[in-house]
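> Build me a model:
(one chain, ligands or ions: 1)
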Amino acid sequence: MAKINENYLKLKAGYLFPEIGRRVREFAQANPGKEIIRMGIGDVTQPLTPAVIKAFHEGVEEMASLATFKGYGPEQGYDFLREAIAKNDYLARGVQLSPDEIFVSDGSKCDTGNIQEIFGNDNIIAIGDPVYPVYADTTVMSGKTGSCQSNGYFDGIIYMPCTEENGFLPELPTERPDLIFLCFPNNPTGTVATREVLQKWVDYATKNQCIIFYDAAYEAFITDPSIPHSIYEIEGAKSVAIEFRSFSKTAGFTGTRCAFTVIPDELMAYDSDGKPHPVKPLWMRRHTTKFNGVSYPVQKAAAAIYSEEGAKEVKAVINYYLENARIMRNSLQEQGYTVFGGINAPYVWVKTKNGLTSWEFFDLLLGEANVVGTPGSGFGPSGEGYFRFSAFAERANVLKAMERLKKI
Ligand code: MLT
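Now for the predicted structure:
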């Protein structure tokens, strides 16, 4: 008899974004002709930039010629890309990393979920609330939790509420976790962590032999020069943190797929006898066994963001989205909403009015203004009563959506 992985039965029926998509499709079918503006999932709208496209084409051309054709590449990524990442994303910020501490992949969503596989199921995981739903859902899938309680929390996960009162920053847990997910700039609240905040977490992880999973997918949106882009800018972090980065939001690769994960040589985890083992070889083993690498033209395209023109172009696109966020913040504030985020992040986090729940606000916006956002409660119970707008829309739609909101 074939047995299912019963951990899947503990999950809510659908993943958040497909569920939103389903509701929007239903609405569109019932209301043909209504123009719906999508500011829900953080999916980019601006095309790949000219330098990226040029490199992408060159990569494709190379695949068309006997002399330059490539079959399987190195599973961890081509040296040219890993070297460019080490130099531009890290050395430029004073962080020394060897390219072989960098693992190129097809997405941070996959990596933040898959990383759990190399850690035992007796690890206790701490996550923020609200948070990117992948962290909790994949923790459940991996079998590290009990069932979901009526308050929306899973037994066996340490939740760290991020509320208006604590500035949407998780506080150090009172119960000791083994693995800690942190995401800055934060999805969904748009909050950033200062050097002091990150140092506090690194010190805590060092003292308690924890590992931090640091999701920095939105680092390119940091505008404040005092805010660290990488956790490795913090002393001691290489011994306690894995960092996840993505080309998706940085360079418009949501449909092209390219990301990377950093596992420093000095990062250790322990066996049941308390003996330390380096984590990097474990991830290397997993990665090379289960993954055959990102396609060569895509890696060529990704590397182009580190060229002089590529860097300029990508920055201009990020500024475009940040300007969207500024427009949204200002307009929503003028409309009397309490607004957070959207300064160092592409997400604007808004408190609903008149005590509406997040899903009630979602329905109101969809029904009355034909605008789609993401209900805060979809990111965790502490997100109830909040709503997330994504700034990855086209400018004309941002302006139109804000005008429509004024009328409801
Ligand atoms: C989001 O909207 O939170 C993100 O687009 C989801 C993702 O990056 O997978």
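
> so where's the chain shaky on pLDDT?
13 (pLDDT under 70).

> which residue is nearest the centroid of it?
residue 217 (4.7 Å; CA atoms, centre = their mean).

> what's the spacing between the closest residue to it other than its chain neighbours and residue 335?
Of all residues not flanking residue 217 in the chain, residue 246 sits nearest, at 4.4 Å (CB to CB, 6 or more residues apart in numbering). All C-beta atoms are positioned from the backbone trio N, CA, C, and that covers glycine. For residue 246, the distance to residue 335 equals 32 Å [CB to CB, to the nearest Å].

> Compare those two (neighbour count), which wins?
The residue with more neighbours, out of residue 246 and residue 335, is residue 246; 27 against 14, by other CB atoms under 10 Å.

> Need phi/psi at that one.
Backbone torsions for residue 246, taken as degrees, to the nearest 10, come to phi -140, psi 150.

> wait, what's in contact with it?
Neighbouring residues of residue 246 by CB atoms under 8 Å, 6 or more residues apart in numbering: 107, 108, 217, 253, 258, 259, 260.

> Among the residues you listed, which one lies nearest to residue 272?
Residue 272 has its nearest neighbour among the contacts of residue 246 in residue 108, at 29.9 Å by CB to CB.

> Is residue 62 in a helix, a strand, or coil?
Put simply, residue 62 is helix when judged by DSSP: H, G, I helix; E, B strand; the rest coil.

> follow-up on the earlier one: now, the contacts of residue 246 that are in strands?
Counting by DSSP state E, those place 259, 260 in strands.

> need the contact list for residue 16.
Neighbours of residue 16 in contact, by CB under 8 Å, 6+ apart: 133, 374, 378, 379.

> where's it relative to residue 28, distance?
In terms of CB to CB, residue 16 sits 19 Å off from residue 28.

> And the strands in the stretch 251-400 of the chain, which stretches?
With strands called from DSSP state E, counting those that start in this stretch, the stretch 251-400 of the chain shows them at 259-262, 268-270, 276-278, 339-341, 347-351, 371-372, 374-375, 386-390.

> and these as a markdown table, adding distance to residue 163 and mean neighbour count?
Formatted as a markdown table, the strands of the stretch 251-400 of the chain follow (distance: least, CB to CB, whole Å; neighbours: other CB atoms under 10 Å):
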| stretch | distance to residue 163 | mean neighbour count |
| --- | --- | --- |
| strand 259-262 | 30 | 24 |
| strand 268-270 | 31 | 15 |
| strand 276-278 | 36 | 13 |
| strand 339-341 | 11 | 22 |
| strand 347-351 | 11 | 25 |
| strand 371-372 | 25 | 24 |
| strand 374-375 | 17 | 26 |
| strand 386-390 | 10 | 28 |
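
> Tell me which of those approaches residue 178 most closely.
strand 268-270 (8.6 Å).

> count of residues packed around the nearest residue to residue 79 once chain neighbours are set aside?
Here the nearest residue to residue 79 in space, its sequence neighbours aside, is residue 99; by CB to CB, 6+ apart that works out to 6.3 Å. Counted with other CB under 10 Å, the neighbours of residue 99 add up to 19.

> From what I see, residue 99 and residue 86 are in contact.
Yes: using CB atoms under 8 Å, residue 99 is in contact with residue 86, at 4.9 Å.

> Distance-wise, check residue 249 relative to the ligand.
Taking CB to the nearest ligand atom, to the nearest Å as the measure, residue 249 falls 7 Å from the ligand.

> how far does stretch 74-87 sit from the chain's center?
In terms of CA atoms, centre = their mean, to the nearest Å, the centre of stretch 74-87 is found 21 Å from the chain centre.

> distance between the ends of it?
19 Å (CA to CA, to the nearest Å).

> Stretch 341-349 too?
6 Å.

> quick one: it near the ligand?
No: on the criterion CB under 6 Å from any ligand atom, stretch 341-349 is out of touch with the ligand, staying 7.8 Å away.

> got a list of contacts for that stretch?
42, 168, 185-192, 218, 221-224, 227, 249, 321-322, 324-326, 328-329, 332, 339-340, 376, 386-392.

> Which one of the residues in this protein is closest to the ligand?
Using CB to the nearest ligand atom, the single residue of the chain nearest to the ligand is residue 42, 3.2 Å away.

> Can you give me the neighbour number for that residue?
For residue 42, using other CB under 10 Å, the count is 24.

> now do residue 291
Neighbours around residue 291, by other CB under 10 Å: 17.

> my guess is it meets residue 75, correct?
Yes: using CB under 8 Å, residue 291 is in contact with residue 75, at 5.5 Å.

> for the spatially closest residue to residue 42 that is not a sequence neighbour, what are its contacts?
Nearest in space to residue 42, with sequence neighbours left out and distances taken as CB to CB, 6+ apart, is residue 390 at 4.6 Å. Neighbour list for residue 390: 39, 40, 41, 42, 43, 346, 347, 373, 374 [criterion: CB under 8 Å, 6+ apart].

> Relative to residue 224, how far out is residue 248?
With CB to CB as the criterion, residue 248 and residue 224 are 22 Å apart.

> What of residue 384?
29 Å.

> Likewise for residue 189?
16 Å.

> Compare neighbour counts for these two and give me the winner.
Using other CB under 10 Å as the criterion, residue 189 and residue 224 rank with residue 189 on top: 30 against 9.
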